[in-house]
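*Asks:* My questions concern the predicted model and sequence given below.
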Amino acid sequence: MSSAPAVVERRSAGEGVDLGPPWHVIVLNDDHNTFEGVARSLAAVVPGVDYARGMAFANRIHATGRAIVWTGHRELAELYHAQLDERGLTMAPLEQA
């Protein structure tokens, strides 16, 4: 079984390159994912999110019904959205920031 290649995120695209506006990846509350499962999924997919931060997101999702878990360029937003969806999280459509 082959693993997907690592994704390298650019912090700066340099001058003259327009990557477009940022997009939000949003996870919605549901009644079938546990706090722990949400935290593990976020930690596995979203850069900069560890299990503790994933639990904080899970609490926010539970309390407010949703949380923006990542914001950035559209292609990466689509990737993270798809990966979280594949892990069974309930996803809102991507939103432009």
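*Replies:* That came through, no problem. Numbering: from 1, shown residues only.

*Asks:* ok, now which ones touch the residue found closest to G65 once you drop the neighbours it is linked to in the chain?
*Replies:* Closest residue in space to G65, ignoring its immediate chain neighbours: N29 at 4.8 Å, by CB to CB, 6 or more residues apart in numbering. C-beta here means a position set from N, CA and C on the backbone, and glycine is covered the same way. Applying CB atoms under 8 Å, 6 or more residues apart in numbering, we find N29 in contact with 61-62, 64-66, 90.

*Asks:* Check T34 too.
*Replies:* T34 neighbours (CB under 8 Å, 6+ apart): none.

*Asks:* most neighbours, which of the contacts of N29?
*Replies:* Compared across those, I61 has the highest neighbour count, 23 neighbours, by other CB atoms under 10 Å.

*Asks:* okay but it is in contact with D31, surely?
*Replies:* No. Using CB atoms under 8 Å, I61 is not in contact with D31, being 12.0 Å away.

*Asks:* could you list every residue that touches A97?
*Replies:* 21-24, 71.

*Asks:* in stretch 85-97, what counts as buried?
*Replies:* 87, 89-91 (16 or more other CB atoms under 10 Å).
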